[in-house]
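Peer 1: next input, structure requested:
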Amino acid sequence: MNGKNQQGYDANILPLVSDLYLQARASGDLLKSQYETALKCEILVRSLAKIGITALVDEATGYQYDREKEELQKILKGYISEELLPWQQRFPHEYYKQIFRLNGWEYNVSNLKLKPSVVGRWTNTYIYKQLPKGVLDELKRITPKDKDGKHTEHLHRRLTEDTGHPNLNNQIVTVVTIMKLSKNWKDFIKKFNDLFGQTTFDFKQ
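Peer 2: Numbers count the residues shown, from 1 in each chain. As a prediction, the model looks like this:
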C-alpha cells in the first residue's frame, strides 16, 4: 500500500522517523539527550495510528487504485516544474559526510568533488525513489543527457518550489537522521529497509 501523495507525504515520514527513535530507545542505543525526542515520538505514533485506518479501507474497497490512476497527472503537475529552476544546493554537506563516514571513506573537499559514481545511484534509491511513484521517472525523462548518457542538469532543478523541494528536503532530513543512528553502511541499509518496507539490501559494491 502506497500512502504517498501530494497531500500526505509528510505524514508518512514522521512515523517512520519516530519508529526509528523508539527502536533505538528499546535497544538502549539512544543518548540521554535523545530521550525527550523519543518520548515525543511515542506520543506522535499513537496519535497517527488512526490515520492508517482510512488507508486500509481505501485499499480493501479498491478505491485506492482508481484514485491513483486519476491523481497521477495531478501529482506530477504538483512536483514537476515546467521550467528549469536556478541551481541551489539542495543536498547538505552532512548528507555526503555521513555517506563517507558509513563507508569508511576519508571526508575532505578533494574527495567530495571526486566522490564515487555509486553515490548518485544511492541518491536516486534513497531520496528520489521515495518521492511519489512516477516522479523520478518523469524527472529522468525531461532532463537532457549528454553523449555518455549522463544527465546534464541536477534532477532537483525540475522540482517545484512549493511541493517538490519541500518533500525532497523532508526525505533528505529523514535519510540523514537514519545515517546518524547507523554504525556503518550495512547498518544504514538495514534500518532504511526496515522503515521503508524494502525487501532487498543494497550493500556497497
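
Peer 1: now the helices for the protein?
Peer 2: Secondary structure of the chain (DSSP state H): helices located at 9-26, 35-48, 51-61, 63-79, 93-103, 109-113, 118-126, 135-142, 164-180, 185-196.

Peer 1: make TSV out of those and add distance to residue 149, mean pLDDT and mean neighbour count.
Peer 2: C-betas here are computed from N, CA, C, even on glycine. Output for the helices of the chain, formatted as TSV (distance: least, C-beta to C-beta, whole Å; pLDDT from 0 to 100; neighbours: other C-beta atoms under 10 Å):
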stretch	distance to residue 149	mean pLDDT	mean neighbour count
helix 9-26	30	73	17
helix 35-48	42	75	14
helix 51-61	38	56	12
helix 63-79	23	73	14
helix 93-103	23	96	17
helix 109-113	21	82	10
helix 118-126	12	96	16
helix 135-142	11	94	16
helix 164-180	23	96	19
helix 185-196	26	94	18
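
Peer 1: who are the contact partners of residue 145?
Peer 2: Contacts for residue 145 (C-beta atoms under 8 Å, 6 or more residues apart in numbering) come out as 151, 152.

Peer 1: next, work out how far apart it and residue 151 are.
Peer 2: 6 Å (C-beta to C-beta, to the nearest Å).

Peer 1: could I get the pLDDT score of residue 117?
Peer 2: Residue 117 carries a pLDDT value of 89.
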